[in-house]
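Peer 1: only the shape, not the letters, is given here:
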């Protein structure tokens, strides 16, 4: 059984640019959630995908968008990057109807 | 929305002592309460969780208690070891596998 993987591990962008982060869910998991973790804070829920549809969203603006593919992998896209978008972006996979969410190692995004 | 408060923000104990971390939540609909351990530069790892129909759960040196009436839950670590040093996050969720609302974390240091 493979765990959750994310790419890239680190990324540096400038203000106004766009970024795409990728997540492969744990084998057999069909639900992916994305979280933003600012330095010294707990993760904050961005959105969740199930069956390639957004299944709930946290308090993040529309420039944060996502996709889920038939193999359950997922992308997080952020447009018009702002300095405050600098954070660790975590994805977590789970089985629909099950409580446990398992996190990937994260992508560290730095916006200059 | 759900608001999860976590205390203390830092905790230092001697090896062998017990450590207790407390969380409160605001949404009475929350019914799933996981605890995650995050070592520096690593992914959050699920260490124990509890559902609202259970008052206490134990796994070796780790236990979690839940008081639904008071809307608080606690993590208890007994016989602490230096490798327990990490940041611990509590979280609450109203639905299985849905958005986790995290506390701000407790940095636990276990000194030999």
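Peer 2: Here it is on my side, so go on. Given the structure is predicted, the values throughout are model-derived calculations rather than measurements.

Peer 1: which bits of chain B sit near chain A?
Peer 2: Applying Cβ under 8 Å from any Cβ of the partner chain, we find that chain B lies next to chain A at B:1, B:4, B:6, B:32, B:34, B:36, B:42-46, B:49, B:51, B:89, B:91, B:93, B:96-105. To be clear about C-beta, it is placed using only N, CA and C from the backbone, and glycine gets the same treatment.

Peer 1: now for residue A:80, how many residues are close by?
Peer 2: For residue A:80, the count of nearby residues is 11 (other Cβ atoms under 10 Å in any protein chain shown).

Peer 1: looking at the residues of chain B next to chain A, which are in strands?
Peer 2: In strands, defined here by DSSP state E, the members of the residues of chain B next to chain A are B:4, B:6, B:32, B:34, B:36, B:45-46, B:49, B:51, B:89, B:91, B:101-102.

Peer 1: can you pull the contacts of residue 9?
Peer 2: I went with chain A, as the question did not name one. Neighbouring residues of residue A:9 by Cβ atoms under 8 Å, 6 or more residues apart in numbering or on different chains: A:105, A:106, A:107, A:108.

Peer 1: try chain B instead
Peer 2: For residue B:9, the contacting residues are B:104, B:105, B:106, B:107, by Cβ under 8 Å, 6+ apart.

Peer 1: now those residues as CSV including distance to residue A:50, pLDDT and neighbour count?
Peer 2: Formatted as CSV, the contacts of residue B:9 follow (distance: Cβ to Cβ, whole Å; pLDDT from 0 to 100; neighbours: other Cβ atoms under 10 Å in any protein chain shown):
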residue, distance to residue A:50, pLDDT, neighbour count
B:104, 28, 96, 16
B:105, 28, 97, 23
B:106, 31, 98, 22
B:107, 34, 98, 16
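
Peer 1: now, which of those residues sits nearest residue A:94?
Peer 2: residue B:105 (21.3 Å; Cβ to Cβ).

Peer 1: residues touching that closest one, list them.
Peer 2: Shown in contact with residue B:105 (Cβ under 8 Å, 6+ apart): A:40, A:41, A:42, B:6, B:9, B:38, B:87, B:88, B:89.

Peer 1: try 6 Å this time
Peer 2: Residue B:105 makes contacts with A:42, B:87, B:89, as judged by Cβ atoms under 6 Å, 6 or more residues apart in numbering or on different chains.

Peer 1: and which of these is nearest residue A:54?
Peer 2: residue A:42 (22.3 Å).

Peer 1: what distance do you get for the closest one to residue A:71?
Peer 2: Noted for residue A:42: a distance of 30 Å to residue A:71, by Cβ to Cβ, to the nearest Å.

Peer 1: neighbour-wise, which of these two wins?
Peer 2: The neighbour count for residue A:42 versus residue A:71, taken as other Cβ under 10 Å, is higher for residue A:42 (22 against 9).

Peer 1: any figure for the gap between the more buried one and residue B:38?
Peer 2: Residue A:42 is 9 Å from residue B:38, by Cβ to Cβ.

Peer 1: what sits closest to the residue in chain B positioned nearest to chain A if chain neighbours are left out?
Peer 2: Proximity to chain A, evaluated over chain B using Cβ to the nearest Cβ, is greatest for residue B:102 at 3.2 Å. Distances taken as Cβ to Cβ, 6 or more residues apart in numbering or on different chains put residue A:42 closest to residue B:102, at 3.2 Å, once the chain neighbours are dropped.

Peer 1: next: residue B:62.
Peer 2: residue B:48 (5.1 Å).
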